[in-house]
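S.K.: Prediction below, plus the sequence it came from.
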Amino acid sequence: MTREVQRDPESMISRRTLVHGLAIAAGATVVGSGGALAQQASEAAPPSTITSPPRDFGPGGAPTTYFWDPDIIAVDPSFNNLAQPNTAIERLHTGLLWAEGPAWSAQGRYLLWSDIPNNRQMRWSEDDGRVTVFRAPSNNSNGNSFDFQGRQLSCEHLTRRVVRYEHDGTASVLADNFNGKKLNSPNDVVAHPDGSYWFTDPPYGGQLYEGEPDVAGGPSNAGGKLNPRIGQPAGFVPGKRELPTNCYRIDPSGRLDLVVSEDQVPDPNGLAFSPDYKKLYVASTGKGPGDTGPGGKGDMSVFDVGADNKLSNQKRFSDFMIDGVKCGPDGVRCDVNGNVWVSSNAGRHVGYSGVTVWTPDGKLLGRIRLPEVCGNICFGGPKRNRLFMAASQSLYAVYTATQGAGPG
């Protein structure tokens, strides 16, 4: 069982002292400092995602009335060094079908993400908060990222490939097959300083909702009742899942190497490097459509990355059981100190979907509660200290007291 600790206001000396002084000047009654931020009996508890009625995350909702957002939970006191006081979780946009793959463009100062079933990519502009359609159709893109040269990378479900958008506006196909067999549905991609790209290839794009089902007889269309050409342009040629669910590395030369097999991490999903690129974290999610393989267990593995780009010493990072609730991992990012930030899918367990935060050794530090299942996350903003969370139908953000590691 985890224990969510209350934050001691005395640990925030300068801020709390200022507030205390202003309150005296105004003739207000100041509550004694013996307790933590637990609400006193005479105070109204701030609304949170688990209160009834729950808080309103929209621009017209009531502000967070306490020093710490009530849905930013410190499980370990050290989380206070990562969470930013006096900032609130914000819902930046809603009205999506399934939000995924957020990525931050440092040059453009905008957040890009996928709305997979709507077959489009969206953009939130940092300068004025405007949300527009960035790319449509997007080939049911899922994961996005930016490499060290600022070029956008996208994993496409429909076309079963990884693409890169060049600075001149052209698009390059980085990978669409392995040993002559079509990829399943690339899901998440990260750049490495050596110029390579690493990506996962689970089967989730085989869903009618998020991509295209297999041709008749394929794993996601075994009975042949679905017509994968409906809704697609003329000349569209549907595919069939032919490969296990693996992870791959795209060498700068263009060569595609298998780095994690389905036997090691079935149904791989989100992945991220540690800040020094000596460790690789790979989330394993549940079974995809028509999945006949082992299927993921909702956990995460961590590997050592050798100088030869070979992975070794696989360990289970966490089973993501928190208070008896499965907080299924999906997207993952590391901060500059190596802490691991992971999106959480807790299903109908209200108060456990959102984000979980861990030390590099797998110790739970804190949680961010959202009213929706969170699919993926990234750090962004001009200082890369803002956590963006793509959660079901909405996009959320919150400032932190740390920075994300790596681009995108």
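M.R.: Looks like it came in fine.
S.K.: Any idea how far apart the tips of stretch 397-407 sit?
M.R.: 18 Å (C-alpha to C-alpha, to the nearest Å).
S.K.: how about that stretch: buried residues?
M.R.: For stretch 397-407, the neighbour count (16 or more other C-beta atoms under 10 Å) marks 397, 398, 399, 400, 402, 404, 405, 406, 407 as buried. From N, CA and C alone the C-beta is placed, and that goes for glycine too.
S.K.: Look up the pLDDT of the second one for me, please.
M.R.: Meaning residue 398. Residue 398 carries a pLDDT value of 98.
S.K.: mind listing what the residue lying closest to it once chain neighbours are set aside touches?
M.R.: Residue nearest to residue 398 in three dimensions, not counting chain neighbours: residue 89, with 4.6 Å by C-beta to C-beta, 6 or more residues apart in numbering. Contacts for residue 89 (C-beta atoms under 8 Å, 6 or more residues apart in numbering) come out as 57, 64, 69, 71, 72, 368, 370, 396, 397, 398.
S.K.: quick one, phi/psi of residue 89?
M.R.: Backbone torsions for residue 89, taken as degrees, to the nearest 10, come to phi -70, psi 130.
S.K.: From residue 241, how far off is it?
M.R.: Separation of residue 89 from residue 241 (C-beta to C-beta, to the nearest Å) stands at 38 Å.
S.K.: Counting neighbours, what do you get for residue 253?
M.R.: Residue 253: 7 surrounding residues under other C-beta atoms under 10 Å.
S.K.: what about it, which SS state?
M.R.: coil (DSSP: H, G, I helix; E, B strand; the rest coil).
S.K.: can you check the one 10 residues further on too?
M.R.: For residue 263, the assignment made with three-state DSSP gives coil.
S.K.: for residue 337, same thing?
M.R.: Classified using three-state DSSP, residue 337 is coil.
S.K.: just checking, it touches residue 404?
M.R.: No: using C-beta atoms under 8 Å, residue 337 is not in contact with residue 404; the gap is 10.7 Å.
S.K.: Sort out which one of the contacts of residue 89 lies nearest residue 326 for me.
M.R.: Closest to residue 326 out of those is residue 370 (16.2 Å), distances taken as C-beta to C-beta.
S.K.: got a pLDDT number for the closest one?
M.R.: 98.
S.K.: list the contacts for it?
M.R.: Under the criterion of C-beta under 8 Å, 6+ apart, the neighbours of residue 370 are 49, 71, 89, 353, 354, 355, 389, 391, 396.
S.K.: Secondary structure added to the contacts of residue 89, as CSV?
M.R.: Output for those, formatted as CSV (three-state DSSP):
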residue, secondary structure
57, coil
64, coil
69, coil
71, coil
72, strand
368, strand
370, coil
396, strand
397, strand
398, strand
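S.K.: Ranking helices and strands of this protein by mean pLDDT, which lands last?
M.R.: Lowest mean confidence among the helices and strands of the chain (mean pLDDT, DSSP states H and E): helix 13-25, at a mean of 39.
S.K.: residues in contact with residue 403?
M.R.: Listed by C-beta under 8 Å, 6+ apart, the contact partners of residue 403 are 335, 336, 379, 383, 384, 385.
S.K.: Kindly recompute the last result at 10 Å.
M.R.: Listed by C-beta atoms under 10 Å, 6 or more residues apart in numbering, the contact partners of residue 403 are 275, 335, 336, 337, 379, 381, 383, 384, 385, 386.
S.K.: Show me which of those is closest to residue 173.
M.R.: Taking C-beta to C-beta as the measure, residue 173 lies nearest residue 379 of these, at 27.9 Å.
S.K.: For the closest residue to the closest one other than its chain neighbours, give its distance to residue 347.
M.R.: Distances taken as C-beta to C-beta, 6+ apart place residue 404 nearest to residue 379, at 2.3 Å, with adjacent residues excluded. Residue 404 is 27 Å from residue 347, where distance means C-beta to C-beta.
S.K.: State the mean pLDDT of the strand or helix carrying residue 283.
M.R.: For residue 283, the host element (DSSP states H and E) is strand 279-284. Across strand 279-284, the average pLDDT comes to 98.
S.K.: re earlier: can you select the buried ones from the contacts of residue 89 in PyMOL?
M.R.: Only the buried entries of those go into this PyMOL selection, using 16+ other C-beta under 10 Å:
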select buried, resi 57+64+69+71+72+368+370+396+397+398
